[in-house]
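[1] below is the sequence, then the predicted model.
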Amino acid sequence: MKATLKILNKPLKTLVVSALLFSGAAALSQPTYAQADTSNIVYASQSVTASEYKQYLEDNYQIKLSDSLTKGEFVNAISQILGLNAQEVEKNQLVDLTEASPYYKSANALFANGILAESTFNGDQQLSQLNAAIIAVNASDFKELSFTYPEAKVVAALSKLGLKAEFFSVPAAQTLAVAVDTGIIPASSYLSFKPAAPISSDEASALLIKVLDIHGNYKHYIGYVQDNNIYSKVYESYRTQDIIKADDLRNIFDTALKQDIITGYNLKDNRYTPNFDSKLTLSYGHSDITHALQLIGLLKSEGINAKVQLEPKTSAFIYLKEWGEPAISDDYQVVQIENGNFIAYSKEYDISFEFDTVKHKEAFDAIISKYAKKNDEDQSGLIKASWWQPLYSSINELPNYKQITNNKISRGNYFAQSYTLTQDSADVVAGLKKIDPKAEVTSYNFWVDLPFYSYLSGEDYK
């Protein structure tokens, strides 16, 4: 190992990772191992089961890994989560693949992006834990990081796996060390990691999720309800958010407001979208950040845990001139329109919760009704700034919730949306298309709490 690691002082091109993506048997001599039970590996600060990772991959990418996973199947999955499937193959770089191969496009895409290096692919070969880890490191864009690893750092990292660095080629040892230090191989898998052993679908799913996470494409959340520091995280997230401009979207929806096509709309930044499991998720909208902090405390006191994501939102609506001069601030701005009224833009937020269980999600409605829904002007026993019509929603149908429709236009990182009764959606879409014929309006149904539905339908302001 000492002799071979001296090549680190040479130019990087001498470390071309053609040695990285060999079969496990070519990398080192190891016996065959039985697969470990990885169904309940702890992958993060909170316990996450492998089934959650698998469900996420199936729901969002239609990826369902087989139990006898091949290298080709894993490469197809990597290509899909990185969005490389649309790349055209300019020249086939894999000598053992033809266009008829199910791995042809994905393997060539990964080769073109430096994730694969060998010209022989061996796609039907069973995937080893070593090769899976190496592919995951390269797919995470950490390949250059591995070139910086000196012998001491490699030895220290591999010792956590109970492995000796001299059993590997230098590039393989460096890349495996990066997998350890960056958490691509989680600490909970150290004891079960056997380089030449076939990787389980649980372990491979965890690697795919890690690649997504490193690229910022997994679930976005700032913590859990039960975290001790969740309050400061939520507050800091809110404090750094500003009113969203998105002028092109504003122009379309402001015109719709002026023409009475809609009565209000939201602007949001899709980079904060949580990507939560819809079956477990509710989104709750408000404007007062103390209300959100108290809501988290309320859920905590009820023994409920959930992932938490705070999404910046700007709400726009007509402010009537007879209401008096509007109070302008950094968080509340207005623009006067032709009839003397104003369009008001208010800084708000959506706080999304991915609950641990469906039972906890279903319990949310009763908790809000009791502690965060105003029924009388001077009502006590509620958390701060409770509304007459709290707004919380689910993509999935829930008992006691009512269906409405969201009408949405996206541009770049931003989108504007307006909620309507389902029967009114077609008219709203037609109105938006008339304002901007090139606009792509997406409409979908979802479910909201009964008080907000009553407000939207004009049945009851309470």
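    Happy to help now that I have it. Numbers count the residues shown, from 1 in each chain.

[2] strands of the protein, residue ranges please.
    Assigned by DSSP state E, the strands in the chain fall at 223-224, 264-269, 281-286, 306-319, 332-336, 342-355, 391-394, 401-411, 414-420, 441-449.

[3] just put these in TSV and tack on mean pLDDT, distance to Y149 and mean neighbour count.
    All C-beta atoms are positioned from the backbone trio N, CA, C, and that covers glycine. Listed next are these as TSV, based on pLDDT from 0 to 100; distance: least, CB to CB, whole Å; neighbours: other CB atoms under 10 Å:
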stretch	mean pLDDT	distance to Y149	mean neighbour count
strand 223-224	98	32	21
strand 264-269	99	37	20
strand 281-286	99	40	22
strand 306-319	99	34	22
strand 332-336	98	52	15
strand 342-355	99	36	22
strand 391-394	99	47	21
strand 401-411	99	42	19
strand 414-420	99	41	22
strand 441-449	99	46	17
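
[4] let's have those in CSV, adding distance to K153.
    As requested, the strands of the chain are exported to CSV (distance: least, CB to CB, whole Å):
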stretch, distance to K153
strand 223-224, 31
strand 264-269, 38
strand 281-286, 40
strand 306-319, 33
strand 332-336, 52
strand 342-355, 36
strand 391-394, 47
strand 401-411, 44
strand 414-420, 42
strand 441-449, 49
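
[5] quick one, which of the ones you listed gets closest to V89.
    Proximity to V89 (CB to CB) singles out strand 401-411 among the strands of the chain, at 30.1 Å.

[6] dump the closest one to CSV, restricted to CA.
    Listed next in CSV are the C-alpha coordinates belonging to strand 401-411 (Å, rounded to 0.1, in the frame of the first residue of the first chain):
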residue,chain,number,x,y,z
TYR,A,401,-62.0,16.9,4.3
LYS,A,402,-63.5,18.4,1.2
GLN,A,403,-62.1,18.3,-2.4
ILE,A,404,-61.1,21.5,-4.2
THR,A,405,-58.8,22.2,-7.2
ASN,A,406,-55.4,23.9,-7.5
ASN,A,407,-54.7,25.8,-10.7
LYS,A,408,-51.0,26.3,-11.2
ILE,A,409,-48.5,27.8,-13.6
SER,A,410,-44.7,27.2,-13.2
ARG,A,411,-41.9,29.4,-14.5
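
[7] what about the protein, any weak spots by pLDDT?
    For the chain, the stretches flagged by pLDDT under 70 are 1-47, 461-462.

[8] which segments of it make up each domain?
    The record's domain split for the chain, according to automatic domain parsing, is 2-214, 223-457.

[9] isn't L320 right up against N339?
    No: L320 lies out of contact with N339 (CB atoms under 8 Å); the separation is 9.8 Å.

[10] would you list every one of the helices in the stretch 201-350 of the chain?
    In the stretch 201-350 of the chain, the segments counted as helices under DSSP state H, counting those that start in this stretch are 201-214, 230-239, 247-258, 289-301.

[11] can you check the stretch 51-200 of the chain too?
    71-81, 104-112, 129-139, 143-147, 151-159, 170-181.

[12] the helices of the stretch 201-350 of the chain into TSV, with extra columns for distance to A327 and mean neighbour count?
    Converted to TSV, these look like this (distance: least, CB to CB, whole Å; neighbours: other CB atoms under 10 Å):
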stretch	distance to A327	mean neighbour count
helix 201-214	42	23
helix 230-239	20	16
helix 247-258	20	18
helix 289-301	18	19
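
[13] same list (those helices) but as CSV, adding distance to Y349.
    Putting those into CSV (distance: least, CB to CB, whole Å) gives the following:
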stretch, distance to Y349
helix 201-214, 24
helix 230-239, 6
helix 247-258, 18
helix 289-301, 7
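
[14] look up the closest residue to the residue most central in space within the chain, ignoring the ones flanking it.
    Nearest to the mean C-alpha position of the chain, by CA atoms, centre = their mean, lies K219 at 2.8 Å. Once flanking residues are discounted, K219 sits nearest to N275: 4.9 Å by CB to CB, 6 or more residues apart in numbering.

[15] repeat that for Q309.
    P274 (3.9 Å).

[16] look up how far S232 lies from that neighbour.
    Relative to S232, P274 is positioned 19 Å away (CB to CB, to the nearest Å).

[17] same check, this time on W447
    Following CB to CB, the distance that separates W447 from S232 is 32 Å.

[18] which residues touch E52?
    Contacts for E52 (CB atoms under 8 Å, 6 or more residues apart in numbering) come out as D277.

[19] returning to that earlier point: I'd say the residue nearest to K219 and H220 touch.
    Yes: between N275 and H220 there is a contact at 6.1 Å, judged by CB under 8 Å.

[20] quick revisit: and F415, which of the helices of the stretch 201-350 of the chain is closest to it?
    Checking the helices of the stretch 201-350 of the chain against F415 by CB to CB gives helix 247-258 as the closest, at 7.2 Å.

[21] who's in contact with A136?
    Listed by CB under 8 Å, 6+ apart, the contact set of A136 reads I78, A179, I184, L207, L208, K210, V211.

[22] got it, and G340?
    K321.

[23] any idea how far K194 is from it?
    G340 sits 75 Å away from K194, going by CB to CB.

[24] repeat for N396
    Counting by CB to CB, the gap from N396 to K194 is 40 Å.

[25] more crowded one of these two?
    Neighbour count, other CB atoms under 10 Å: between N396 and K194, K194 has more, with 22 against 15.

[26] dihedrals phi and psi, that one?
    Main-chain dihedrals, K194, degrees, to the nearest 10: phi -130, psi 110.

[27] looks like it contacts Q129 (just checking).
    Yes: K194 sits in contact with Q129 when judged by CB under 8 Å, with a separation of 6.0 Å.

[28] which one is Q93 nearest to, not counting chain neighbours?
    F111 (4.6 Å).

[29] ok, L65 next?
    Distances taken as CB to CB, 6+ apart place S201 nearest to L65, at 4.2 Å, with adjacent residues excluded.
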